[in-house]
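Chemist: Based on what follows, work out the 3D shape:
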Amino acid sequence: MYKRQVYANNSGTTLNFNPAGLDAEALQLLPDGNFLISEEYGPSVAVVDTNGHVLVRYVPIGKSYADVNYPVKAILPAIYKERRANRGFENLSITPDGKTAYVTLQSPMGDAKDKDFKNSRVVRVLRLDITQPTDAKVTGMFVLLQNSKSAYPEAEKQKDLKYSDAIAFEQDKLLLLERATKKVKLIVADLGDATNVLSHADANSLLFEKEGEDLEKLAIKPAQMREVFDSRDVFFKIDTDKLEGLALLTPGVVAISNDNDFGVGEDNLNEYPSKVWLVRLGKGLVTPK
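Modeler: I've put the predicted structure just below:
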C-alpha cells in the first residue's frame with residue numbers, strides 16, 4: 001500500500017499511518033440517504049452513513065486491511081492495486097436511477113517512468129451494481145483513451161493529463177472532466193458499444209495500458225469519446241487548470257469548481273480562492289443522430 005506521510009504540525013511531526021483512513025475524492029448521495037465515496041489511495045469505494053460511519057469499504061482483491069474497524073470487502077479487480085501513486089479513484093458517478101456507479105481512474109496504470117507506459121492513454125472505468133449499496137457487485141470494466149498531450153500544447157508529458165471528475169448522465173454515458181496544463185476539456189464517453197473487459201484473459205495485467213492505441217489486436221473496443229467543451233473556446237477567463245469538481249445543473253449547463261488545497265501548501269502559494277464557473281455546453285450532451 002502506498003503510504004503518504006501526514007504532518008501533524010509545522011514542526012515536521014508525522015502522524016502514524018492509519019489503514020482505516022480515507023483520502024476521499026468524490027462523494028455521491030445514495031437513494032437510501034447514505035453516501036458513496038471514492039478514494040484514491042486504495043483505491044477504494046466506501047458506503048458511509050450520515051454520521052460519517054463507514055458501513056463497508058470495497059477494495060482490490062488481494063489487498064490487506066488489517067486492524068480496520070469497519071467491514072471491508074475485496075471485490076474490485078486485483079489490477080487496481082497497480083494504480084499510480086496519488087492517481088486512484090479521483091471521481092465517482094451514479095446513474096440517474098441510482099442503481100449503478102462508475103468509478104474512473106485519474107490516469108493510466110503502469111509506471112510513468114517505464115517506456116512501456118509513459119505515453120499510455122488507456123484509463124479504466126469500473127462499473128458497480130449498487131442496487132444494494134452494502135452488497136455491491138462489480139459488473140463491468142471498460143477502457144477509455146485520454147486525449148494525446150498534443151491536445152494540451154503546454155503539457156510536457158502524457159502523464160500530465162488527468163480525469164478529475166465525472167457525471168453519469170445516462171445509463172452508459174459519462175461526462176468527464178479532463179485537464180492538463182492551462183487547459184480543461186469536457187468529454188462525453190459512450191460506453192454503450194465498448195468492450196466489457198472484466199472477463200478478458202488479460203484484465204488483471206497491464207497489457208491494455210502497454211498496447212495503448214492498438215487495442216484492436218486484443219479484440220477490445222474502447223469507449224467512443226466526444227468533446228463538448230474546451231476552456232480555450234470561451235470568452236471569459238478560467239484562470240486555473242486545477243478544476244476538480246463537476247455538476248450537471250440542466251441538460252446543457254454544468255458547474256465546474258476548482259480545488260484550492262484549502263488555501264495552504266506549496267500548491268497554492270498565491271492563495272487562490274475557491275471558485276465556481278457555470279458553463280453552457282453549446283455542443284450538448286446528446287449524441288447527434
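
Chemist: From here on, just use CA atoms for contacts and neighbour counts.
Modeler: Fine.

Chemist: who are the neighbours in contact with E213?
Modeler: The neighbours of E213, taking Cα atoms under 8 Å, 6 or more residues apart in numbering as the test, are 121-122, 145.

Chemist: at 6 Å what do you get?
Modeler: For E213, the contact set (Cα atoms under 6 Å, 6 or more residues apart in numbering) is empty.

Chemist: would L278 count as being in a helix?
Modeler: No. Using DSSP: H, G, I helix; E, B strand; the rest coil, the secondary structure at L278 is strand, not a helix.

Chemist: That one pairs with what?
Modeler: Beta-bridge partners of L278, counted by DSSP bridges, are A255.

Chemist: Make sure T95 is actually in contact with A168.
Modeler: Yes. Between T95 and A168 there is a contact under Cα atoms under 6 Å: 5.1 Å.

Chemist: So if I had to pick from the two, which one is more boxed in?
Modeler: When T95 and A168 are compared for neighbours, A168 comes out ahead with 22 against 17, by other Cα atoms under 10 Å.

Chemist: ok, the more buried one to A201 distance?
Modeler: In this view, A168 and A201 are 28 Å apart by Cα to Cα, to the nearest Å.

Chemist: ditto for N258
Modeler: Note on N258: its distance to A201, by Cα to Cα, is 39 Å.

Chemist: Between those two, which is the more surrounded one?
Modeler: N258 (19 against 9).

Chemist: With adjacent residues omitted, what lies nearest to the more buried one?
Modeler: L243 (4.0 Å; Cα to Cα, 6 or more residues apart in numbering).

Chemist: same deal with L198?
Modeler: Per Cα to Cα, 6+ apart, closest to L198 is M141, 5.0 Å.

Chemist: any idea of the mean pLDDT in the strand or helix carrying the one you found?
Modeler: Using DSSP states H and E, M141 maps to strand 137-145. The average pLDDT for strand 137-145 rounds to 97.

Chemist: Show me what whatever helix or strand comes next after it is packed up against.
Modeler: Toward the C-terminus, strand 137-145 is succeeded by strand 162-170 as the next helix or strand (DSSP H and E). Contact partners of strand 162-170 among helices and strands, from 3 or more Cα pairs under 6 Å, 6 or more residues apart in numbering; DSSP states H and E: strand 89-94, strand 173-180, strand 243-250.

Chemist: okay if I get the ones you listed as TSV plus mean neighbour count and mean pLDDT?
Modeler: Shown next, in TSV, are the helices and strands packed on strand 162-170 (neighbours: other Cα atoms under 10 Å; pLDDT from 0 to 100):
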stretch	mean neighbour count	mean pLDDT
strand 89-94	28	94
strand 173-180	24	96
strand 243-250	18	92
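
Chemist: Just send those strands back as JSON lines, with distance to D23 too.
Modeler: As requested, those are arranged in JSON lines below (distance: least, Cα to Cα, whole Å):
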{"stretch": "strand 89-94", "distance to D23": "10"}
{"stretch": "strand 173-180", "distance to D23": "20"}
{"stretch": "strand 243-250", "distance to D23": "15"}
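
Chemist: Verify the assumption that T134 is located in a helix.
Modeler: Yes. T134 forms part of a helix when assessed by three-state DSSP.

Chemist: contact partners of stretch 166-173?
Modeler: With contacts defined as Cα under 6 Å, 6+ apart, stretch 166-173 is touched by 91, 93-95, 174-176, 189-192.

Chemist: Give the rounded mean pLDDT of stretch 58-69.
Modeler: Mean pLDDT, computed over stretch 58-69, is 90.
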